[in-house]
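Asker: Okay, sequence plus prediction incoming.
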Amino acid sequence: MNIIKINAIDSTNLYLKKLVSKSLLQNYTVIVTPNQTEGRGQMGTSWVSGEGKNLTFSLLVNIDSFEINKQFYLSMAVALGIFDVLKTDCKTTFHIKWPNDILAVKDKVAGVLIENIIGGSHIKHSIVGIGLNVNQEIFPKELINVSSLKLNCGKNYDLDLLLTKIVESIKYFVEFIKNKDFTKLKSLYLSYLYKLNKPAMFEDNLGNVFLGKIIDVTQSGRLVVELPDEKTRKFNLKEIKFANR
């Protein structure tokens, strides 16, 4: 595992993308920093992290003949990789919240941003950005429904050791993709998915609030929600959210 540590940087994803464009990097190369000044989340959101207290890193993942239409399987593998390490090390209940956030009970402790570099109909490189709240105990008031491992598990974590465990765990689940064992990977992902098959109130991007339950996630990553009349709707990222959060 090739780990490159940088004291401070705007975005580990941006840095790794530039590095990939200029040189041949070892698969699973990691860029990690204790101080990321312009961390990014899904769909242009920001990731705020206390300096030196959390894990903010990007990971290069190369999968031979990885078709674009199967890209969400990598999202599953990454979420499972993080989830598996956390649930093994702490008695708190963790969930995967679609598409790839990690919740401790109901609060977010980790976010993932995957950016793909495309070549034809295949993905040449995947840049996997991960932010994990680890030892931080106080968060800005404007951040709601967020937490950390320390707040949930009651202990300080060795960030270097935790980083190594997570990368190795992601590598394990990426092997499911390489072996084309997509059914098993999806089954594992769904088994830990937050609110799967449980009635919940949702809000769509037009402000409509409705009752439904998550019943599936498509190969392309769309969330499948069943309505009270048993009809289903499919949603892309940022088209739906839980109404009570």
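Answerer: Perfect, thanks for sending it. Remember, it's a predicted structure, so these values are computed and weren't measured experimentally.
Asker: Look at residue 99 and report its pLDDT.
Answerer: Residue 99 carries a pLDDT value of 97.
Asker: again, but for residue 234
Answerer: The pLDDT attached to residue 234 in the predicted structure is 97.
Asker: secondary structure class for residue 241?
Answerer: Following DSSP: H, G, I helix; E, B strand; the rest coil, the label given to residue 241 is strand.
Asker: List the beta-bridge partners for it.
Answerer: Following DSSP bridges, residue 241 is listed with bridge partners residue 203.
Asker: so how far is residue 204 from it?
Answerer: Between residue 241 and residue 204 the distance, using CB to CB, to the nearest Å, works out to 8 Å. Placement of C-beta: from N, CA and C, glycine included.
Asker: Kindly report the same for residue 135.
Answerer: For residue 135, the distance to residue 204 equals 37 Å [CB to CB].
Asker: Compare these two and say which is more crowded by neighbours.
Answerer: Higher neighbour count among residue 135 and residue 204: residue 135, with 19 against 15, using other CB atoms under 10 Å.
Asker: Identify the residues contacting that one.
Answerer: Taking CB atoms under 8 Å, 6 or more residues apart in numbering as the definition of contact, the neighbours of residue 135 are 53, 54, 148, 149, 150, 156, 157, 159.
Asker: Where does the fifth one sit: helix, strand or coil?
Answerer: Right, the one you point to is residue 150. Relying on three-state DSSP, one would call residue 150 helix.
Asker: pretty sure it contacts residue 159?
Answerer: No: taking contact to mean CB atoms under 8 Å, the distance of 11.5 Å between residue 150 and residue 159 leaves them out of contact.
Asker: quick one: common contacting residues for these two?
Answerer: Residues touching both residue 150 and residue 159 (CB under 8 Å, 6+ apart): 134, 135.
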